[in-house]
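Student: sequence and predicted structure, then a few things I'm wondering about:
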Amino acid sequence: MSAPLRLLIHGASGRMGQALLRLAAERDDLQVVAAFSRSQPTQRVVDGVPQFASAELDGAPEFDVAIDFSLPQGFDPVLALCARRGKALVSGTTGLSSAQNAAINEAASGIAVVWAANYSLGVAVLTELVRRAAAALPGWDCDVIEAHHTRKLDAPSGTALHLGAAAEIGRGAAPHYASLRAGDIVGEHTVQFAAAGERLELIHRATNRDIFARGALEAALRVAHQAPGRYGLAELMFPNL
Ligand SMILES: NC(=O)C1=CN([C@@H]2O[C@H](COP(=O)(O)OP(=O)(O)OC[C@H]3O[C@@H](n4cnc5c(N)ncnc54)[C@H](OP(=O)(O)O)[C@@H]3O)[C@@H](O)[C@H]2O)C=CC1
Ligand SMILES: O=C(O)C1=N[C@H](C(=O)O)C[C@H](O)C1
């Protein structure tokens with residue numbers, strides 16, 4: 001058997017970071033060699049995984065792929081680290097600025113980068129359905145409605161913006177957005193098309209963050225040995241869509 005892929009997890013203390021650590025630990029083909037969070041760690045090693053503060057990122061141990069689920073403020077240093085070390089990056093951090101998006105494109109000339117607003121298979125399928133529905137329903141009102149837990153900072157969600165972009169490709173006009181923050185909702189997205197006398201709703205409900213974490217781990221395995229470039233989730237993971 002070949003050596004496990006060495007992962008650096010950035011945003012490790014967060015909801016997504018914890019899911020990534022737990023699921024990676026169950027696999028023989030993955031080894032987390034560093035877990036970074038913003039705060040100083042209270043323990044230097046947890047379950048065999050070395051823990052670091054984000055201020056220590058420059059001195060990170062050797063890794064093959066970094067997985068980042070942090071916040072926009074944390075994104076630039078991890079992208080820069082991967083670019084410097086020539087290592088691939090898988091990121092799901094949402095709320096990035098257009099300058100940060102441009103920085104991904106620039107870095108992609110030297111390293112392989114995957115950034116996706118949503119790592120679930122269901123949303124990948126929904127995206128294609130939205131594009132097709134939007135193309136078939138020109139002139140209908142289109143709204144993207146999202147609901148998330150109260151700790152979520154960005155709105156509209158990255159997934160809502162991604163679905164809205166798919167709708168815009170299909171219908172040639174941007175949709176309206178609505179956001180709700182309540183309780184511990186993991187993530188719900190509805191794309192609604194409405195006209196006089198009828199309404200079509202396409203809905204995805206995430207009930208467990210493991211779907212995103214599994215998708216990101218799989219993306220890391222697939223992108224690890226790719227040539228430099230920016231890879232879309234669909235082309236990398238769901239080529240049959
Ligand atoms: N693409 C997808 O499929 C998904 C994307 N997301 C996105 O992932 C991101 C994280 O979500 P979630 O886990 O719920 O968030 P949390 O708030 O639970 O976790 C955030 C993590 O990032 C760390 N962090 C915060 N600021 C910085 C910084 N400036 N530098 C370095 N690290 C930092 C935090 O460290 P500390 O605890 O020390 O503050 C923590 O580890 C969000 O952008 C969210 O929208 C979420 C789910 C799925
Ligand atoms: O912050 C979250 O929780 C989520 N963020 C992503 C987004 O902004 O779309 C994906 C998912 O909906 C959960």
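Tutor: That came in fine, so what should we check first? Fair warning: this is a prediction, and the values are worked out from it, not measured in the lab. Ligands and ions are numbered 1, 2, ... in the order given.

Student: when you work out contacts or count neighbours from here on, use the C-alpha atoms and nothing else.
Tutor: Noted.

Student: please enumerate the helices of this structure.
Tutor: Listed in chain order, the helices of the chain (DSSP state H) span 15-25, 72-85, 98-107, 121-136, 158-171, 210-223, 233-237.

Student: now those as a markdown table including mean pLDDT, mean neighbour count and distance to ligand 1?
Tutor: Converted to a markdown table, the helices of the chain look like this (pLDDT from 0 to 100; neighbours: other C-alpha atoms under 10 Å; distance: least, C-alpha to the nearest ligand atom, whole Å):
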| stretch | mean pLDDT | mean neighbour count | distance to ligand 1 |
| --- | --- | --- | --- |
| helix 15-25 | 98 | 18 | 4 |
| helix 72-85 | 98 | 17 | 3 |
| helix 98-107 | 98 | 14 | 13 |
| helix 121-136 | 97 | 18 | 9 |
| helix 158-171 | 97 | 22 | 7 |
| helix 210-223 | 98 | 20 | 5 |
| helix 233-237 | 91 | 16 | 10 |
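
Student: got a markdown table for the ones you listed, with distance to F63 too?
Tutor: As requested, these are exported to a markdown table (distance: least, C-alpha to C-alpha, whole Å):
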| stretch | distance to F63 |
| --- | --- |
| helix 15-25 | 14 |
| helix 72-85 | 9 |
| helix 98-107 | 18 |
| helix 121-136 | 27 |
| helix 158-171 | 27 |
| helix 210-223 | 12 |
| helix 233-237 | 21 |
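
Student: of all these, which lies closest to ligand 2?
Tutor: The minimum distance between ligand 2 and these falls on helix 158-171, with 3.5 Å, by C-alpha to the nearest ligand atom.

Student: now do the closest one: which elements does it pack against?
Tutor: For helix 158-171, the packing partners by 3 or more C-alpha pairs under 8 Å, 6 or more residues apart in numbering; DSSP states H and E come out as helix 121-136, strand 141-148, strand 187-195.

Student: redo the ones you listed as JSON lines? Include distance to ligand 2.
Tutor: Output for the helices and strands packed on helix 158-171, formatted as JSON lines (distance: least, C-alpha to the nearest ligand atom, whole Å):
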{"stretch": "helix 121-136", "distance to ligand 2": "9"}
{"stretch": "strand 141-148", "distance to ligand 2": "6"}
{"stretch": "strand 187-195", "distance to ligand 2": "4"}
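
Student: please parse the chain into its domains.
Tutor: Listed by automatic domain parsing, the domain ranges of the chain are 5-115+210-237, 121-206.

Student: I figured L21 hits Q31, correct?
Tutor: No: contact criterion C-alpha atoms under 8 Å: L21 and Q31 do not qualify, at 9.5 Å.

Student: what does the chain put close to ligand 2?
Tutor: Applying C-alpha under 6 Å from any ligand atom, one finds that the chain approaches ligand 2 through 94, 117-118, 152, 157-159, 186-187.

Student: which of these sits closest to P41?
Tutor: Of all the residues of the chain next to ligand 2, the one with the least separation from P41 (C-alpha to C-alpha) is K152, at 22.9 Å.

Student: if I look at the closest one, how far off is ligand 1?
Tutor: Note on K152: its distance to ligand 1, by C-alpha to the nearest ligand atom, to the nearest Å, is 7 Å.

Student: what do you get for P156?
Tutor: Distance from P156 to ligand 1, by C-alpha to the nearest ligand atom: 10 Å.

Student: residue closest to the middle of this protein?
Tutor: The centroid of the chain falls nearest to G92 when counting by C-alpha atoms, centre = their mean (2.2 Å).

Student: report the contact partners of that one.
Tutor: 68-69, 115-119, 216 (C-alpha atoms under 8 Å, 6 or more residues apart in numbering).

Student: got the phi/psi numbers for it?
Tutor: phi -120, psi 10 (degrees, to the nearest 10).
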